[in-house]
Structures are given as structure tokens and as C-alpha cells.
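1. the following block contains a protein sequence and its predicted model.
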Amino acid sequence: MKIFDVKEIFQIAIRIEENGERFYLNAVKLTDDITTKGVFKLLAEEEKKHKEVFSKLLSSMTKDINFDSYPDDYIDYLQTYVNNTIFNLDKIKEDMSKIKDVSSALDFAIQRELDSILYYQEIKRVIPENQHDKLDRIIDEERKHYKDLTKLRNEL
């Protein structure tokens, strides 16, 4: 039997959003195009709002979740995904070092949005159902980010 602290789920989500905000603020510096700058600024602001939502959810969490109903390999999967995809600093540094222009920044951002969507969809399985609507709103916004970034990349 594993006991998983639900607070960890939201701490990870907060860090994802903080990283996204920092990335988008740095991406603003890569372009002189007003429209592209505006998109990056807007996305940074939205990541900040997501962080606030997760912070509020985190402060409302008081209990650990008992994962008796989840196989150990599912919890291991979540942890492995976080460690290897979201917080693999070597991979992130390598990817970031390749960002030299708006196009590569957009490619990086699109992949991070997809990674976030997958993580948020997965954690829905382990958080209380009465919190799903908040998470669904963030997932919908991350999907919109993906769509907007892809459209912008295709226009370049």
C-alpha cells in the first residue's frame, strides 16, 4: 500500500506553471514582432493564473490520498513521468540551449504544453472528484495554448 501526498501533485503543478511563466517571459525577448510578443506575454500571464489556482487548491488540501485502489505501477508511472519528462533538468537545459529563435521557442513551448496536458489529465485520476472542474478548466486553457502556439508557428 502506498500513501501519496496529494499536496505533492499540486506542488509539481505549481512548478510546471512557474517554469512556463519564466519561459514565456524569456521568449518575449526572442522576437521584435509585436503579435508574437503579445502571445508570449499573454501565455506568461495565464501560467501565472494557473499557478494561483493550484496554490489555492494546495492550501485546501489537508489529507493524504490512500492509493489502495491504484496499482503501485500507476504511482510509479506518475513519478517517472514527472522525473523524466517534466523535471529532467538535463533534458530541459539541452532543449533550452537549442532555442535560438521564435520558431524553436514555439516548438519548445508546444511540447511543454502537451506534457502539461498529459500530467494534468493523469492527476485527475487521483484527486477528489469535486476538484475536477478546476483542473478541467486549466486543461482546456493548456489545450488552447497548444492550439494558439501551433497556429502561430504555422504562420511563421
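-> Nice, I can see it.

2. strands along the chain, start to end?
-> Along the chain, the segments classed as strands by DSSP state E run 3-4, 65-66.

3. those strands: lowest mean pLDDT?
-> Mean pLDDT values for the strands of the chain show the minimum at strand 3-4, a mean of 47.

4. Lys29 and Tyr120, how far apart?
-> For Lys29, the distance to Tyr120 equals 28 Å [C-beta to C-beta, to the nearest Å]. In short, each C-beta sits where N, CA and C put it, glycine included.

5. neighbour-wise, which of those two wins?
-> The residue with more neighbours, out of Lys29 and Tyr120, is Tyr120; 20 against 10, by other C-beta atoms under 10 Å.

6. what residues of the longest helix anywhere in the chain count as buried?
-> Using DSSP state H to define each element, the chain has its longest helix at helix 34-60. For helix 34-60, the buried set under the neighbour-count rule, 16 or more other C-beta atoms under 10 Å, comprises 36-37, 39-40, 43-44, 46-47, 50-51, 53-54, 57-58.

7. please enumerate residues in contact with stretch 109-117?
-> 16, 19-20, 23-24, 27, 43, 85-86, 95, 139, 142-143, 145-146, 149-150, 153 (C-beta atoms under 8 Å, 6 or more residues apart in numbering).
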